[in-house]
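Engineer: A predicted structure for the sequence below; I have some questions about it.
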Amino acid sequence: MSSPTLQAFLAEHAAVRTRVVDDHMFAVDQPGRPLATFRLQLFTAPGSRPVAVATQTVMEGRTLVNAAEEYAAEVWRRHCTESAEPPIWIQHQLLPSGRLDHLALVTFTQTGSFDLHTPKWKRVSDLQLAELVGGAVDVDRGVGYRPQPPEPEPQPYYRVMWVARLPRPEPFRQDECMPAGLGWQRLARQLTPRTIVRDCCWYHGGNWHRAAAAAIRLVHRAQRNGVAVEDIHHAVLDAAEAERMSEWEVDAVASLASLADAIQVTRFAGWRTISYINGQHRAQAMLEAGVRRTVTVDWKYP
């Protein structure tokens, strides 16, 4: 919309309107997305298109820029149901950088009732907005703004998993030490476990059957004793040292119980595992040895 066209549009729709809605926390709940909020002011006059002024700051869900058509359609659906056209949409996106801290008229392609597409923006001034609605407009976020509480942090928890269900490892080692994956050998090792210790690397330097069993036992003991999840690693380490395990076994057990160093895998669609966040070398060594179960760390997301 060129400047002459913008001026003509504003002049055509100018009218003395009354503010009939001032919702400081207008909320749009879209499936699969966080709740979005913004301040909605709606101005109406008999025989004139309503004017909606949307003001949004940071951390309020999808921005006015990214979801202009959805938000304008939702305001149309809730407040201007009888209107054949959407309200004239004015947005004010407040960002710390000030890059978009200006008013913009947004026009859309309308393909049906409450169905808007292809937003186009044109900057307008406070004076032009005042002329459009017939009076000054408060374009701040408003005293009724309530910042959304921060998302809760994901919480770690220990999970005992069947080693055979861990993802295929792709260790960064020479093939003679740790060939990527195991193929049919994964099942074979489960049927005929072995405890061969090799000196090629630390991962092959001890008995993972004993280490995994000890990690499971000591983690469960700490949980039964009410140890906080963030302190379980230290409790397991102290217990392993008190049991006079070998230096390798202490290190191995402590690594399995460490929130920072434990075996962790990414997940999708419930139980389907995709890849490792951490621990694929230990997983490879345990698969080669035929270890049945081990401790892993997972996260509960709110």
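Structural biologist: All right, it came through fine.

Engineer: low pLDDT regions in the chain?
Structural biologist: For the chain, the stretches flagged by pLDDT under 70 are 1-3, 97-100, 172-175, 180-193, 267-274.

Engineer: mind redoing it with 80?
Structural biologist: Within the chain, the stretches with pLDDT under 80 are 1-4, 30-34, 95-101, 149-151, 170-176, 178-197, 266-275, 301-302.

Engineer: can you give me the domain assignment for it?
Structural biologist: The record's domain split for the chain, according to automatic domain parsing, is 3-133, 155-300.

Engineer: now render those domains as a markdown table, adding mean neighbour count and distance to Val143.
Structural biologist: Every C-beta, even on glycine, is put in place using the N, C-alpha and C of the backbone. Below are the domains of the chain laid out as a markdown table (neighbours: other C-beta atoms under 10 Å; distance: least, C-beta to C-beta, whole Å):
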| stretch | mean neighbour count | distance to Val143 |
| --- | --- | --- |
| domain 3-133 | 17 | 7 |
| domain 155-300 | 16 | 35 |
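
Engineer: quick one: the strands in the stretch 151-300 of the chain?
Structural biologist: Assigned by DSSP state E, counting those that start in this stretch, the stretch 151-300 of the chain shows strands spanning 155-162, 264-268, 272-278, 293-300.

Engineer: ok, Thr107 touching Pro119?
Structural biologist: Yes. The pair Thr107 / Pro119 is scored as a contact, 7.2 Å apart, by C-beta atoms under 8 Å.

Engineer: could you measure from Asn207 over to Thr18?
Structural biologist: When distance is defined by C-beta to C-beta, to the nearest Å, Asn207 is 80 Å away from Thr18.

Engineer: for Thr55, same thing?
Structural biologist: Distance, Thr55 to Thr18, using C-beta to C-beta: 19 Å.

Engineer: now stretch 50-68, how far from the centre of its chain.
Structural biologist: 20 Å (C-alpha atoms, centre = their mean, to the nearest Å).

Engineer: what is the longest helix of this structure by residue count?
Structural biologist: Ranked by number of residues, the top helix in the chain under DSSP state H is helix 208-224.

Engineer: stretch 9-27: end-to-end distance?
Structural biologist: This stretch, stretch 9-27, spans 29 Å end to end (C-alpha to C-alpha, to the nearest Å).

Engineer: now that stretch: how far from the chain's centre is it?
Structural biologist: For stretch 9-27, the distance to the chain centre is 34 Å (C-alpha atoms, centre = their mean).

Engineer: for stretch 114-130, same thing?
Structural biologist: The answer for stretch 114-130 is 30 Å, by C-alpha atoms, centre = their mean.

Engineer: can you give me the helices for the chain?
Structural biologist: 3-13, 68-79, 126-133, 185-191, 208-224, 232-242, 247-257, 280-289.

Engineer: which stretch among these comes nearest Arg33?
Structural biologist: Distance to Arg33, taken as C-beta to C-beta, is lowest for helix 68-79 among those, at 9.6 Å.

Engineer: and the angle for the longest helix of the chain with helix 280-289?
Structural biologist: Inter-element angle recorded for helix 208-224 and helix 280-289: 120 degrees (by axes from the mean of the first three to the mean of the last three C-alpha atoms, to 10 degrees).
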